[in-house]
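[1] Based on what follows, work out the 3D shape:
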Amino acid sequence: MTAPTPSDPAAVTLELERLRRSVEVGFAKTDGALALLVQRSDQTDEGLKDHEQRLATLERSRWPLPSVAALVALAGLLVSLYTAAQ
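    Numbering: from 1, shown residues only. This next block holds a predicted model:
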C-alpha cells in the first residue's frame, strides 16, 4: 500500500479525523482539569465559611476590652472608697 498524496481527498479526510480526535481528547483533559479546580474551589469556600463562622462565635464570646477596663476602674474606685471610709 502506498502513502496517499497530501492533496488526496481521502488523506485530507483522514487527517481531519485525527485532528478532530486530538481536539476532543484535549477538550476532555481540559474539562477534567476545570472540574477538579471547581471542586477545590468549592472545598475552599466551605472551609472559609466554616472559619468565618468559628471566628464570629469567638468574637461574640469574648469580652470587649473597654468593658473590662471600666469594670476594673469601678472595682478600684470601690476599694479606694472602702479603705478611705475605714
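
[2] the helices in this structure, which residues?
    9-61, 65-85 (DSSP state H).

[3] shaky segments in this structure?
    In the prediction, the chain carries residues with pLDDT under 70 at positions 1-4, 6.

[4] Mind checking which residue lies nearest the centre of it?
    Geometric centre of the chain, nearest residue: Thr44, 3.0 Å, by C-alpha atoms, centre = their mean.

[5] Could you measure from it over to Leu34?
    From Thr44 across to Leu34, the span is 15 Å (C-beta to C-beta, to the nearest Å). For every residue, glycine as well, the C-beta is placed using N, CA and C.

[6] Next one: Leu37 from Arg21, what distance?
    Distance of Leu37 to Arg21, computed by C-beta to C-beta: 25 Å.

[7] now Gln86
    When distances are taken as C-beta to C-beta, Gln86 and Arg21 turn out to be 98 Å apart.
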